[in-house]
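S.K.: Requesting a structural model of the entry that follows:
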Amino acid sequence: MSNFNQDGQREQWGSKVGFILAAAGSAVGLGNLWKFPYMAGKNGGGAFVLVYFIILFLVGFTLMLAEITLGRYTQLNAIGAYRKISKKLSWVGALGVLAGFIILSYYSVVGGWVINYIVKSFTGALNVADAEALGGMFGDLISGTVEPIVYHAAFMLLTMIIVLGGIGGGIERSSKILMPGLFIMIVIIAVRAVTLPGAIEGIKYLLVPDFQTIIKNPGIILDALGQVFFSLSLGMGCMVTYGSYLSKDTNIPESATAIPLIDTGVALLAGLIVLPAVFAFGYEPSAGPGLLFITLPAVFAQMPLGSLFSILFFFLVLFAALSSSISLLEVCVSYVVDEWKMKRKTAVFVIGFAMFCIGIIASLSFGQLSHIKIIGDRNFFDSLDFVASNILLPLGGLLLCIVVGWVWGTDKAVKEASNNGQLEFKLASSWSFLVKWVGPIAISIVFARSFIIPLIKSLFY
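M.R.: All right, here's what the predicted structure looks like:
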């Protein structure tokens, strides 16, 4: 199976809904379920949400539209798309493919942890209200040798099976199951969380903005900017690749609006699970995996029917993780199938196996290889995350704005996005300004904050 049908035409999405669900699934991931609630909890709740929505339009919509438009115009993978704009720019797309490869290599390890916790939820092993005991359980899992690698293999295998089916038979079909299932589960758990005694304080904290918080803590703006950028999976070629499978009559501005809104809707619902629950039981939202694997299981253990909600929640996390992982694998597979003329089945197995092998090292970096530091005091897992999140993604987003806004040109991009003028694109002039000026400036700030400034400090202080 290749990326082309029997008539020699590039494979396409079967429906607009299928594309939107798949693209939204690519954006919706673990970051929505733990990082958004944590960032909101850290930055004043409603104040953070308000700033987030403003930046979502200014940056999120801007880059989403740029990536999808570039993909549909070129009808090529991430590297081929940039090369079509200019033969000298294929390396820009290569950064996105590299980012996708690196991220899925360690993301699959976390996906394996999620599968393990689904099993633990069924067996009742998570029915423990003591956060310290749960912390020890989580520590034993990630520092293990065989068990986490087995579950890492299971998650990677699930991802590979879906991508093997191609765009229509694999990714689109699975997204039509994963995304509605994700919404159903997250709404059920959110309803339960907001009806807990004492949850109203968490709801107010999340939804009612305190403008004084924004004035006193301008760092909220930078945190919201970074969260928007990384939550939408921009700069890694996913939306360019997915856009390349769109038909020429698709309404791109409509889709580019729907995808960030769906992604943000999931993030808000996650906030309505986490913050009311932790307020109700007196916990504090914590950063990183601890929120998913320690704090929330402790909350569920104290709720009526807690085991049921624990099962639902970790299935929800698995669905979110899979919807992102299939897009990351597809970025790499699409490139190899298009450029190397490799059969899809072979490409999936070769790339998937390579990612799995790197993931083994990432997994062992919490246990037997924890003494090995790669970048600063970071282990192998954290170093992969640092390179992808702090260097490749912001750099890819910045270059996207430059290529679309200045090299290809916004006039040509608007022509493609409006289906050669057949669609009314009311925000064309505003979007052109945003992609040429606001996007590059905003991303440069994120890049400086996440990589350049820490680098300077590490070298000279």
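S.K.: Tell me if I'm right that Met236 and Leu328 touch.
M.R.: Yes: Met236 is within contact range of Leu328, at 7.4 Å (criterion: C-beta atoms under 8 Å). C-beta coordinates here come from the backbone N, C-alpha and C atoms, glycine included.
S.K.: what is in contact with those two at once?
M.R.: Contact criterion C-beta atoms under 8 Å, 6 or more residues apart in numbering; residues shared by Met236 and Leu328: 100, 103.
S.K.: Show the low-confidence segments of this protein, by residue range.
M.R.: By pLDDT under 70, the weakly predicted segments of the chain are 1-9, 286-289, 458-459, 461.
S.K.: try 50 this time
M.R.: 6-7 (pLDDT under 50).
S.K.: Which positions in the helix or strand containing Ser334 come out as buried?
M.R.: Applying DSSP states H and E as the criterion places Ser334 in helix 306-340. By 16 or more other C-beta atoms under 10 Å, the buried positions in helix 306-340 come out as 306-307, 309-338.
S.K.: and what of stretch 167-177?
M.R.: So stretch 167-177, judged by 16+ other C-beta under 10 Å, has buried residues 167-168, 170-176.
S.K.: One more: stretch 81-94?
M.R.: 81-85, 89-90, 92-94.
S.K.: again, but for stretch 351-360
M.R.: Result for stretch 351-360 [16+ other C-beta under 10 Å]: buried residues 351-352, 355-356, 358-360.
S.K.: Ok, stretch 151-162 next?
M.R.: Buried residues in stretch 151-162, counted by 16+ other C-beta under 10 Å: 151-152, 155-156, 158-160, 162.
S.K.: residue ranges of the helices in the stretch 301-450 of the chain, please?
M.R.: Assigned by DSSP state H, counting those that start in this stretch, the stretch 301-450 of the chain shows helices spanning 306-340, 344-364, 380-386, 393-402, 410-417, 428-433, 439-447.
S.K.: Enumerate every residue touching Ala78.
M.R.: With C-beta under 8 Å, 6+ apart, Ala78 has these contacts: 93-94, 96-97, 237, 240-241, 331, 334-335.
S.K.: which one of the helices of the stretch 301-450 of the chain lies closest to Gly181?
M.R.: helix 306-340 (5.6 Å; C-beta to C-beta).
S.K.: and that closest one with helix 344-364, angle?
M.R.: 130 degrees (axes from the mean of the first three to the mean of the last three C-alpha atoms, to 10 degrees).
S.K.: Might you specify the subset of the buried residues of stretch 81-94 located within strands?
M.R.: In this view, those have no member that belongs to strands under DSSP state E.
S.K.: of all the residues you listed, which comes closest to Pro180?
M.R.: Closest to Pro180, out of all of the buried residues of stretch 81-94 and judged by C-beta to C-beta, is Ala81, at 30.0 Å.
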